[in-house]
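Asker: Requesting a structural model of the entry that follows:
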Amino acid sequence: IIGFFTGLSTGAGVVIAHSFGSGNDKALHRAVHTTIALTLVLSVVFTIAGLLLSPVFLQLMDTPEDVLPEASQYLRIYFAGISGLMLYNMGSGILRAVGDSRRPLYILMVCALGNIFFDLLFVIVFHAGVEGVAYATILSQWISAILVLVILTREKSSYRLIWKDLHIHKGTAMSIFRIGFPAGLQIAVTSFSNVFVQSYINAFGSACMAGWSSYNKLDAFILIPAQSLALASTTFVGQNWGAKQLNRARQGVRQALAMSLGITLVLSVAVMIAARPTLSLFGTDAETLQYGQRFVQLISPFYFIICFNQIFSGA
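Answerer: Next comes the predicted model:
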């Protein structure tokens, strides 16, 4: 669900970047307000879908009985507040599309610190357990959503958010879906296949699940630089395409790919060498560490394929 929305936000970012690069203020204004209006509508749709489908997917993943109640509880709370995540992602996507990547970073830092604070508050002080962790997540996401919307509302440039102008412009919405739907479908299909991968992992028990979870944290650490460069490449190509600077757009893609491969190589080697001590940051159980280390050894060599895919699909 979130993967599909991420693809749609990519389509919106491309349309906004293209309008910004071409200097078409009217199209930019229309794209920003169509994007926010679509997000508000999709927030309702995806909240309902998440609440209805999460129990089904937990069953498809053969979630062990000892973790099923807490997993269900977490997902119910998470999807009830998912609109905060969606508004932040789309709002920060608008800022990045016009070349402002600093303020989304500052907001994300506030969100991360807030998440840590609320985690400690709800878990240690209020003893709320998994429910507290879920509330900490959605509270921090809503803080980030409010901050990015305030920034857009107070902006003086042509991409300023004017609430009374919110509406879905048919042509702009079609452009967003034309670009974003294939990207969203790609991410959604990949995520859906991971449901079955997770079900195979769950069949090996809680230790294997914990090892897979620990590995995924390292996986994100390795792939986030490539994902960030892919986002930057999307904005760079969109703006230069709008300004009809096609050679500069191609040059940007080549440089993004070179940087992505270089960073991924360094991080992959470092994680493979230090797999056990880094995995131990997330748990010290010997069986869990063994599973996590095995996942690192098997999957890390294939990160370069992911880099190529992310950079070229982003461009």
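
Asker: okay, CA-based contacts and neighbour counts for the rest of this
Answerer: Noted.

Asker: Could you list the low-confidence segments of the stretch 101-250 of the chain?
Answerer: Nowhere does the stretch 101-250 of the chain drop to pLDDT under 70.

Asker: Report how many residues lie close to the residue nearest to residue 123 when sequence neighbours are not counted.
Answerer: Distance criterion CA to CA, 6 or more residues apart in numbering; nearest residue to residue 123, sequence neighbours excluded, is residue 129 at 5.3 Å. For residue 129, the neighbour count with other CA atoms under 10 Å is 14.

Asker: ditto for the one 5 residues further on
Answerer: Counted with other CA under 10 Å, the burial measure for residue 134 works out to 23 neighbours.

Asker: Next: residue 173.
Answerer: Residue 173, neighbours per other CA under 10 Å, totals 19.

Asker: Kindly report the same for residue 281.
Answerer: Neighbours of residue 281 (other CA under 10 Å): 9.

Asker: Then residue 90?
Answerer: Applying other CA under 10 Å, we find 26 residues neighbouring residue 90.

Asker: again with the one 3 residues further on
Answerer: For residue 93, the neighbour count with other CA under 10 Å is 27.

Asker: Am I right that residue 35 is in contact with residue 12?
Answerer: Yes - counting by CA atoms under 8 Å, residue 12 is a contact partner of residue 35 at 6.4 Å.

Asker: confidence score at residue 313?
Answerer: If you check residue 313, the pLDDT there is 68.

Asker: sorry, back to before: test my guess that the residue nearest to residue 123 contacts residue 122.
Answerer: Yes - with contact defined as CA under 8 Å, residue 129 reaches residue 122; the gap is 7.4 Å.

Asker: now the helices for the protein?
Answerer: Secondary structure of the chain (DSSP state H): helices located at 2-22, 25-60, 68-80, 82-97, 102-120, 129-154, 170-202, 206-242, 246-273, 275-279, 286-299, 303-314.

Asker: how about the ones you listed in a markdown table, adding distance to residue 161?
Answerer: Listed next are those as a markdown table, based on distance: least, CA to CA, whole Å:
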| stretch | distance to residue 161 |
| --- | --- |
| helix 2-22 | 13 |
| helix 25-60 | 7 |
| helix 68-80 | 25 |
| helix 82-97 | 10 |
| helix 102-120 | 16 |
| helix 129-154 | 5 |
| helix 170-202 | 16 |
| helix 206-242 | 20 |
| helix 246-273 | 28 |
| helix 275-279 | 43 |
| helix 286-299 | 43 |
| helix 303-314 | 26 |
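
Asker: Mind checking those for the one nearest to residue 164?
Answerer: helix 25-60 (9.5 Å; CA to CA).

Asker: quick one, the closest one and helix 2-22 angle?
Answerer: 170 degrees (axes from the mean of the first three to the mean of the last three CA atoms, to 10 degrees).
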